[in-house]
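**Q** let me see the structure of the following:
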Amino acid sequence: MQLQGKVALVTGGSRGIGAAVVLALAGAGAAVAINYQQHEGAALLVKEEVEARGGKALLCRADVTGLAECEQMVGAVLEYFGRIDILVNNAGIRRDNILAMMKSADWDAVIDTNLKGVFNSCKAVLKPLLKQKSGGRIVNIASVPGLSGNSGQTNYAAAKAGVIAFTKSLAKELGKREITVNAVAPGFIETEMTEGLPQSIREKVRAQIALERLGKPAEVAAAVLFLAGESSSYITGAVLSIDGGLTL
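**A** Sure, this is the predicted structure:
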């Protein structure tokens, strides 16, 4: 298996894309630390599924908006598994509204989780990654609105655009250490975030997608797995759109 002996940490790994990423990495042989903040029951189910398939998993409750909590989380991973090789920054929230009606608290919450959370997790992981001197992989989950914007999502789009710029900048910093930093930008994926969309909106969205359907979490996870493995060893600073042709 391509990730045998590797240890991965997935933030926001209890549901949706995060859970799919955990299962994909574990299926490739990696031991996986599953970060969650609120949904302990869902995280436990993902852990049990990993273990039922013969994999190793650890639950890590932490709020990624706090650097100290991220450092404690990474410390727990190192204590349990002895190393860390892969970080997938997936934790994210939405607080959609047009700017004229958006509350400052909703702006701050999205920026803190979706952008500052990536900074905190990367900051906490860098010291052990560099100390190991064996390279590493960081994969950040961006989003199509971070590339093209989206009405009613100025906070979300700004955060994800920041993640993309952060990814490119960190890739330049870490390349000489054989640590690659890449991002994937999912479009409309069948998760809890999209389940609540009215049918009329879903049909409108489908009409804009070249493949005429919403994506699946496993399809995003497959891209993350590629970027986390050895097959992507000469790719860094890239942003891979997983959107069915939405941004064509």
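
**Q** C-alpha only now, for contacts and for neighbours.
**A** OK.

**Q** assumed residue 172 was part of a strand.
**A** No: assigned with DSSP: H, G, I helix; E, B strand; the rest coil, residue 172 falls outside any strand and is helix.

**Q** hang on, it packs against residue 182?
**A** No: judged on C-alpha atoms under 8 Å, residue 172 makes no contact with residue 182 at a distance of 10.9 Å.

**Q** anything in contact with each of these two?
**A** residue 237 (C-alpha atoms under 8 Å, 6 or more residues apart in numbering).

**Q** and these two? Which one has more around it.
**A** Neighbours per residue, other C-alpha atoms under 10 Å: of residue 172 and residue 182, the larger number sits with residue 182, 28 against 14.

**Q** residues making contact with the helix or strand containing the more buried one?
**A** Per DSSP states H and E: residue 182 is located in strand 179-186. The contact list for strand 179-186 (C-alpha under 8 Å, 6+ apart) reads 135-144, 146, 164, 167-168, 170-171, 174, 220, 223-224, 227, 233, 235-243.

**Q** can you rerun that using 6 Å?
**A** 135-144, 167, 171, 236-243 (C-alpha atoms under 6 Å, 6 or more residues apart in numbering).

**Q** find the centremost residue of the protein, please.
**A** Closest to where the C-alpha atoms of the chain average out (C-alpha atoms, centre = their mean) is residue 90, at 2.2 Å.

**Q** ok, that one to residue 140 distance?
**A** When distance is defined by C-alpha to C-alpha, to the nearest Å, residue 90 is 7 Å away from residue 140.

**Q** now do residue 242
**A** 13 Å.

**Q** neighbour count winner among those two?
**A** Ranked by neighbour count (other C-alpha under 10 Å), residue 242 and residue 140 place residue 140 first, with 27 against 22.

**Q** so how far is the helix or strand that contains that one from its chain's centroid?
**A** Element membership of residue 140 [criterion: DSSP H and E] is strand 136-141. Strand 136-141 sits 8 Å away from the centroid of its parent chain (C-alpha atoms, centre = their mean, to the nearest Å).

**Q** do the same with stretch 85-96
**A** Worked out by C-alpha atoms, centre = their mean, stretch 85-96 lies 4 Å from the chain centre.

**Q** then stretch 136-151?
**A** With C-alpha atoms, centre = their mean, you get 9 Å for stretch 136-151.
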